[in-house]
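Asks: 3D, please:
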Amino acid sequence: MPSTHALLRPLAIGLMLSSHALHADIETQTVAYQSIPVQFELDATLEAVNQSTVSAQTSGVIQAIHFDINDTVEAGALLVEIVDTQQRAALAQAQANVAKANAMNEDAQILLKRNERLLKQNTLSQGEYDSSVAQAKSATASVKAAQAALSQAQEQLSYTRVTAPYSGIVKARHIELGELVNPGQPLMTGMALQPLRAVANVPQRIVSHVHKAEQIHIEFNAERIPASGVTVFPYADAQHHSVRLRADLPQTHTETLYPGMWTRLVIRSGEREAIVIPHSAVIRRAEMSAVYVIENNQPRLRQIRLGNAQDNGIEVLSGLSINDVYAIDAYEQLAHLAKGE
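Replies: Predicted coordinates:
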């Protein structure tokens, strides 16, 4: 590996030869302030928007398990089957009760109509008529109760076939074949690979600057993806005094991203004035950064301190002043100086 002296030798050559006049082919630029965004960068974790544990909603013995850990599942696919003997018996009983209630209700309504005619003919007492009205209402209510019980029995039967609520993968399986399960017992845990969101804990001093999704980008592998939505929790963590923030990723950018990956959130909160120069104007050697400043038509190497990279270059924190003139291509200038041009 070259020593620090070897790395700095080209800069030393540039300093020794800087007495030459500026070469005609070298492009220069005058330092001026530019507006750059004020932004904060935070570590974040990608997580699936849809992730859940499917639980049993009825009792029974596990009859079949159709998927296992890491299997890909489509929405509506049959995951688990539970023995449905009891549920089918309950359904048959509920259907019989509905038929019985309908028959009794039909008789009660016929009796009520007949008693209405008899009451008009003064051959039936008011008390007997009122009794038939009450029986008719009771029979109608019994039909509704039987139908409700039938719906419940049908629903209990449907619970014996557990289906996937969305497309995704199975993360965990909590049951075995032949195991007795009860309502509320976990069966499988899964998650959808799309859509995704980036989750970060934002310091209090920053969260007040977050107002809309356009301010937030998700940075991954040098690519900045604009957030399609943002959710800021309405309370802070009591221990760390930070606020949880969720930034939604557009589904068009989630093909190569997976839940659990690290990423960064870039939050823009305004603009400020700064000196920004092209990357080509900077010579880097080890820990040193420099530019060629043109003074009296002569290039002179000047050390600078750099800040963050921007969309159109890199920020200069110190070493350059407004109206300084510098060479846009520092290595081209260095090559001319090395040739004595």
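Asks: the residue nearest to the spatial centre of the chain: helix or strand, and which one exactly?
Replies: The chain has Arg197 as the residue nearest its centroid, 1.6 Å off, counting by C-alpha atoms, centre = their mean. When elements are assigned from DSSP states H and E, Arg197 belongs to strand 196-203.
Asks: in that strand, what counts as buried?
Replies: Applying a neighbour-count criterion of 16 or more other C-beta atoms under 10 Å, the buried positions in strand 196-203 are Leu196, Arg197, Ala198, Val199, Ala200, Asn201, Val202. Every C-beta, even on glycine, is put in place using the N, C-alpha and C of the backbone.
Asks: need those residues in a markdown table (columns: distance to Gln303 and pLDDT).
Replies: Rendered in a markdown table, the data for those read as follows (distance: C-beta to C-beta, whole Å; pLDDT from 0 to 100):
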| residue | distance to Gln303 | pLDDT |
| --- | --- | --- |
| Leu196 | 44 | 91 |
| Arg197 | 44 | 92 |
| Ala198 | 38 | 93 |
| Val199 | 41 | 93 |
| Ala200 | 36 | 91 |
| Asn201 | 38 | 90 |
| Val202 | 36 | 87 |
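Asks: am I right that Lys212 is in contact with Ser228?
Replies: No: in terms of C-beta atoms under 8 Å, Lys212 does not count as a neighbour of Ser228; the distance is 11.6 Å.
Asks: so those two - more neighbours on which side?
Replies: For the pair Lys212 and Ser228, the greater number of neighbours falls to Ser228 (17 against 9), based on other C-beta atoms under 10 Å.
Asks: my guess is the more buried one meets Leu249, correct?
Replies: Yes: the pair Ser228 and Leu249 passes the contact test of C-beta under 8 Å, sitting 6.7 Å apart.
Asks: A helix includes Gln93, no?
Replies: Yes: residue state for Gln93 (DSSP: H, G, I helix; E, B strand; the rest coil) corresponds to a helix.
Asks: oh, and call the first residue 7 from now on, that's how I've got it
Replies: I'll keep to 7 as the first residue from here, and by that count the last item is Gln99.
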